[in-house]
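A.B. asks: dropping a prediction and its sequence here:
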Amino acid sequence: MDHGTLALLVPLAPFLLGGFAIWARHNRKMAEIHAAATAEKAAQYAAHNKELEDRVRVLERIVTDRGYDVALQIDALRDASRVERSGAADAVKAGTVQ
């Protein structure tokens, strides 16, 4: 570097340092904003996971407490559905349903 370039850079040094300080402050604020957003998302995920865990607990309790009853109820609904379908088919065959 020659003396002319160095003589030009010395007066510009405070401006360069000021620009660097502004850039560093901006990056720090952006990092803080990003960290806050990440923390908020983590809290939302935790709340959602808690809600899902509660729902699974309820389902587990239903299945374990009344597992046999639930199976009987499902079978009864299937039987009722078959009866309704066969009744409707008989009505169509007889010509009573238009």
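C.D. replies: Cool, the structure landed.
A.B. asks: now the helix or strand that residue 61 is a member of: mean pLDDT?
C.D. replies: With elements taken from DSSP states H and E, the one containing residue 61 is helix 3-94. Helix 3-94 shows a mean pLDDT of 84.
A.B. asks: what distance separates it from the middle of the whole chain?
C.D. replies: On the basis of CA atoms, centre = their mean, to the nearest Å, the separation between the geometric centre of helix 3-94 and that of its chain is 1 Å.
A.B. asks: mind starting the numbering at 28 from now?
C.D. replies: With 28 as the first residue, the last one maps to helix 30-121.
A.B. asks: tell me what it is packed against?
C.D. replies: Using 3 or more CB pairs under 8 Å, 6 or more residues apart in numbering; DSSP states H and E, no helix or strand is in contact with helix 30-121. All C-beta atoms are positioned from the backbone trio N, CA, C, and that covers glycine.
A.B. asks: with just CA atoms, put stretch 43-62 into CSV.
C.D. replies: Taking C-alpha atoms only, stretch 43-62 is exported to CSV below (Å, rounded to 0.1, in the frame of the first residue of the first chain):
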residue,chain,number,x,y,z
LEU,A,43,-16.1,2.1,8.5
LEU,A,44,-16.1,1.3,12.2
GLY,A,45,-19.5,3.0,12.6
GLY,A,46,-20.9,1.0,9.7
PHE,A,47,-19.6,-2.2,11.2
ALA,A,48,-21.1,-1.3,14.6
ILE,A,49,-24.5,-0.6,13.0
TRP,A,50,-24.3,-3.9,11.1
ALA,A,51,-23.3,-5.8,14.2
ARG,A,52,-26.2,-4.3,16.2
HIS,A,53,-28.6,-5.1,13.4
ASN,A,54,-27.4,-8.8,13.4
ARG,A,55,-27.8,-9.0,17.2
LYS,A,56,-31.4,-7.7,17.0
MET,A,57,-32.2,-10.1,14.2
ALA,A,58,-30.8,-13.0,16.3
GLU,A,59,-32.9,-11.9,19.3
ILE,A,60,-36.1,-11.7,17.1
HIS,A,61,-35.3,-15.2,15.7
ALA,A,62,-34.7,-16.6,19.1
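A.B. asks: since that was my last question, I'll sign off now.
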